[in-house]
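K.L.:
Got a predicted model here, sequence first, then my questions.
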Amino acid sequence: MSNSRRAAHANRYRTGYLRSRQWFARRDRWFREHGSLRCAGCDREATRSQVELHHLSYEGVHYANGGWSAQEAHDDLWPMHPACHELLHRIIDKDPVLARHRNRQQASEAARRLIRTRFGVGGTHEQR
Ligand SMILES: [Zn+2]
Ligand SMILES: [Zn+2]
């Protein structure tokens, strides 16, 4: 299994699932259920229109009978500024250990620690 965005299965999610109405509905529900937002990368406050949702896990996503099923747990999704999200994926993609030898959640958390060090965000309060 690979967390790299270059991996074929990742492309399938990006071009298929992430453009599906099932994902749009799941995303809407995630934002509705979530109050104030902070970017999971830089930890700054953000509004819905400023963030994307990063998947910590695709375990809740299934494809069957010609359609997607979007059952991500609430905590499987991180709100992130597009730039912070891009940085997170760049860190994972260029690190062979994170890209291949950690599960997606572990890779994401390790990359987030690097981003927060870069932004000078203290690790004293864990968000969600
Ligand atoms: Zn951010
Ligand atoms: Zn992502």
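P.N.:
Great, that's in hand. Ligands and ions are numbered 1, 2, ... in the order given.
K.L.:
rest of the way, CA atoms for contacts and neighbours
P.N.:
Noted.
K.L.:
quick one: the nearest residue to Arg44 once chain neighbours are set aside from Leu53, how far?
P.N.:
Distances taken as CA to CA, 6 or more residues apart in numbering place Arg38 nearest to Arg44, at 5.3 Å, with adjacent residues excluded. From Arg38 across to Leu53, the span is 11 Å (CA to CA, to the nearest Å).
K.L.:
Let me know whether Pro82 touches Ser49 as I believe.
P.N.:
No: applying CA atoms under 8 Å, one finds Pro82 not in contact with Ser49, separated by 10.5 Å.
K.L.:
quick one: common contacting residues for those two?
P.N.:
The contact sets of Pro82 and Ser49 do not overlap (CA atoms under 8 Å, 6 or more residues apart in numbering).
K.L.:
Those two: who's more crowded?
P.N.:
Taking neighbours as other CA atoms under 10 Å, Pro82 and Ser49 compare with Pro82 leading, 16 against 7.
K.L.:
Can you mark which positions in stretch 86-95 are buried?
P.N.:
Leu87, Leu88, His89, Ile91, Ile92, Asp93 (16 or more other CA atoms under 10 Å).
K.L.:
hang on, the earlier thing: any shared contact partners between Arg38 and Leu53?
P.N.:
Pro79, Met80.
K.L.:
any idea which element the residue nearest to the spatial centre of the chain lies in?
P.N.:
Nearest residue to the geometric centre of the chain (CA atoms, centre = their mean): His54, 1.6 Å. Per DSSP states H and E, His54 falls inside strand 52-55.
K.L.:
Tell me how far Ala99 lies from Arg48.
P.N.:
For Ala99, the distance to Arg48 - CA to CA - is 28 Å.
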